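Asker: compute the structure for the input listed below.
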Amino acid sequence: MKTTKTKTVETVRDYQPGEKVLRAARKVLATYTLVIEPDDELGCIGWAKEFPTVFADGPTPEECVASLKFSLESALSAMLEEGLELPRPISEAKRTQQVNIRLTPYEKQLLTRESAKRGFRGVSDLIRAQTIDKLVAS
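Answerer: Alright, predicted model coming up:
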(Lines give C-alpha, C1' and ligand atoms only; values in the text may rest on other atoms or scores of the structure.)
Protein backbone atom coordinates (compact mmCIF):
# COMPACT_ATOMS: atom_id res chain seq x y z
CA MET A 1 0.00 0.00 0.00
CA LYS A 2 1.39 3.37 -1.04
CA THR A 3 0.89 6.50 1.05
CA THR A 4 1.18 10.00 -0.27
CA LYS A 5 2.14 13.04 1.73
CA THR A 6 0.30 16.23 0.99
CA LYS A 7 1.66 19.67 1.54
CA THR A 8 -0.59 22.48 2.70
CA VAL A 9 0.28 25.89 1.37
CA GLU A 10 -1.19 28.94 3.02
CA THR A 11 -1.35 32.20 1.16
CA VAL A 12 -1.82 35.30 3.24
CA ARG A 13 -2.56 38.56 1.49
CA ASP A 14 -4.38 41.74 2.13
CA TYR A 15 -7.52 41.51 0.05
CA GLN A 16 -7.45 44.31 -2.51
CA PRO A 17 -10.20 43.92 -5.12
CA GLY A 18 -9.89 45.81 -8.36
CA GLU A 19 -11.82 49.07 -8.75
CA LYS A 20 -14.24 47.52 -11.27
CA VAL A 21 -15.06 44.63 -8.92
CA LEU A 22 -15.41 47.00 -5.98
CA ARG A 23 -17.81 49.24 -7.91
CA ALA A 24 -19.93 46.21 -8.85
CA ALA A 25 -19.97 45.03 -5.22
CA ARG A 26 -21.02 48.49 -4.02
CA LYS A 27 -23.81 48.62 -6.61
CA VAL A 28 -25.22 45.32 -5.32
CA LEU A 29 -24.74 46.36 -1.69
CA ALA A 30 -26.80 49.51 -2.29
CA THR A 31 -29.82 47.27 -2.96
CA TYR A 32 -29.47 45.30 0.30
CA THR A 33 -31.50 45.85 3.45
CA LEU A 34 -29.24 46.42 6.45
CA VAL A 35 -30.39 45.52 9.96
CA ILE A 36 -28.72 47.27 12.90
CA GLU A 37 -29.66 46.28 16.44
CA PRO A 38 -28.41 47.43 19.85
CA ASP A 39 -26.15 45.02 21.70
CA ASP A 40 -25.32 45.26 25.41
CA GLU A 41 -21.69 44.23 24.93
CA LEU A 42 -20.78 45.56 21.48
CA GLY A 43 -22.89 48.68 21.14
CA CYS A 44 -24.54 47.64 17.89
CA ILE A 45 -24.51 44.57 15.68
CA GLY A 46 -25.57 44.48 12.06
CA TRP A 47 -26.14 42.25 9.05
CA ALA A 48 -27.91 42.36 5.69
CA LYS A 49 -31.20 40.48 5.30
CA GLU A 50 -29.89 39.16 1.98
CA PHE A 51 -26.57 38.01 3.45
CA PRO A 52 -27.20 36.98 7.08
CA THR A 53 -23.85 35.21 7.44
CA VAL A 54 -21.85 38.47 7.31
CA PHE A 55 -21.95 40.37 10.60
CA ALA A 56 -20.30 43.52 11.88
CA ASP A 57 -20.42 45.53 15.06
CA GLY A 58 -19.59 48.99 16.29
CA PRO A 59 -20.00 51.17 19.36
CA THR A 60 -22.53 53.41 17.53
CA PRO A 61 -25.07 52.69 14.78
CA GLU A 62 -23.03 54.78 12.31
CA GLU A 63 -19.80 52.90 13.03
CA CYS A 64 -21.64 49.59 12.83
CA VAL A 65 -23.06 50.51 9.40
CA ALA A 66 -19.61 51.55 8.14
CA SER A 67 -18.06 48.32 9.40
CA LEU A 68 -20.91 46.24 7.96
CA LYS A 69 -20.63 47.89 4.54
CA PHE A 70 -16.88 47.21 4.49
CA SER A 71 -17.45 43.55 5.43
CA LEU A 72 -20.18 43.11 2.83
CA GLU A 73 -18.12 44.86 0.13
CA SER A 74 -15.24 42.49 0.85
CA ALA A 75 -17.45 39.38 0.78
CA LEU A 76 -19.28 40.45 -2.39
CA SER A 77 -16.02 41.42 -4.14
CA ALA A 78 -14.47 38.05 -3.32
CA MET A 79 -17.55 36.26 -4.62
CA LEU A 80 -17.48 38.30 -7.83
CA GLU A 81 -13.81 37.50 -8.37
CA GLU A 82 -14.54 33.79 -7.87
CA GLY A 83 -17.46 33.91 -10.29
CA LEU A 84 -19.99 32.97 -7.60
CA GLU A 85 -23.63 34.02 -7.64
CA LEU A 86 -24.37 36.90 -5.28
CA PRO A 87 -27.32 36.89 -2.90
CA ARG A 88 -30.18 38.66 -4.64
CA PRO A 89 -31.88 41.67 -3.08
CA ILE A 90 -34.98 40.74 -1.13
CA SER A 91 -37.00 43.06 -3.35
CA GLU A 92 -36.11 40.88 -6.37
CA ALA A 93 -36.73 37.54 -4.70
CA LYS A 94 -39.66 35.68 -6.18
CA ARG A 95 -41.95 33.98 -3.75
CA THR A 96 -42.34 30.47 -5.08
CA GLN A 97 -43.08 28.57 -1.87
CA GLN A 98 -46.53 28.26 -0.41
CA VAL A 99 -47.73 27.46 3.10
CA ASN A 100 -51.39 26.82 3.87
CA ILE A 101 -52.95 27.39 7.27
CA ARG A 102 -56.44 26.63 8.50
CA LEU A 103 -58.43 29.40 10.17
CA THR A 104 -61.84 29.68 11.70
CA PRO A 105 -64.19 32.07 9.88
CA TYR A 106 -63.77 34.48 12.78
CA GLU A 107 -59.94 34.36 12.60
CA LYS A 108 -60.06 34.97 8.85
CA GLN A 109 -62.42 37.91 9.33
CA LEU A 110 -60.11 39.45 11.95
CA LEU A 111 -57.03 38.99 9.78
CA THR A 112 -58.77 40.31 6.66
CA ARG A 113 -59.92 43.43 8.51
CA GLU A 114 -56.45 43.99 10.03
CA SER A 115 -54.77 43.48 6.65
CA ALA A 116 -56.91 46.16 5.04
CA LYS A 117 -56.47 48.52 7.99
CA ARG A 118 -52.66 48.26 7.78
CA GLY A 119 -52.53 48.60 3.99
CA PHE A 120 -51.58 45.03 3.10
CA ARG A 121 -52.86 43.45 -0.11
CA GLY A 122 -54.26 40.52 1.80
CA VAL A 123 -54.02 38.17 4.75
CA SER A 124 -50.95 36.38 3.37
CA ASP A 125 -48.94 39.62 3.18
CA LEU A 126 -49.92 40.56 6.73
CA ILE A 127 -49.02 37.15 8.15
CA ARG A 128 -45.71 37.00 6.25
CA ALA A 129 -44.64 40.52 7.26
CA GLN A 130 -45.61 40.12 10.91
CA THR A 131 -44.03 36.69 11.25
CA ILE A 132 -40.75 37.63 9.55
CA ASP A 133 -40.48 40.87 11.56
CA LYS A 134 -40.95 38.90 14.78
CA LEU A 135 -38.39 36.27 13.77
CA VAL A 136 -35.79 38.86 12.80
CA ALA A 137 -36.37 40.76 16.06
CA SER A 138 -35.83 37.65 18.22
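Asker: quick check: mean pLDDT across the lengthiest strand in the chain?
Answerer: As assigned by DSSP state E, the longest strand anywhere in the chain is strand 51-58. Model confidence over strand 51-58, given as mean pLDDT, is 92.
Asker: how about residues contacting that strand?
Answerer: 32, 39, 42-48, 64-68, 70-72, 75-76, 87 (C-beta atoms under 8 Å, 6 or more residues apart in numbering). No exception for glycine: its C-beta is placed from N, CA and C like everyone else's.
Asker: buried only: go through those residues for me.
Answerer: The neighbour-count test (16 or more other C-beta atoms under 10 Å) applied to the contacts of strand 51-58 identifies 32, 44-48, 64-65, 67-68, 71-72, 75-76, 87 as buried.
Asker: filter the residues you listed down to just the ones in helices.
Answerer: In helices, defined here by DSSP state H, the members of those are C64, V65, S67, L68, S71, L72, A75, L76.
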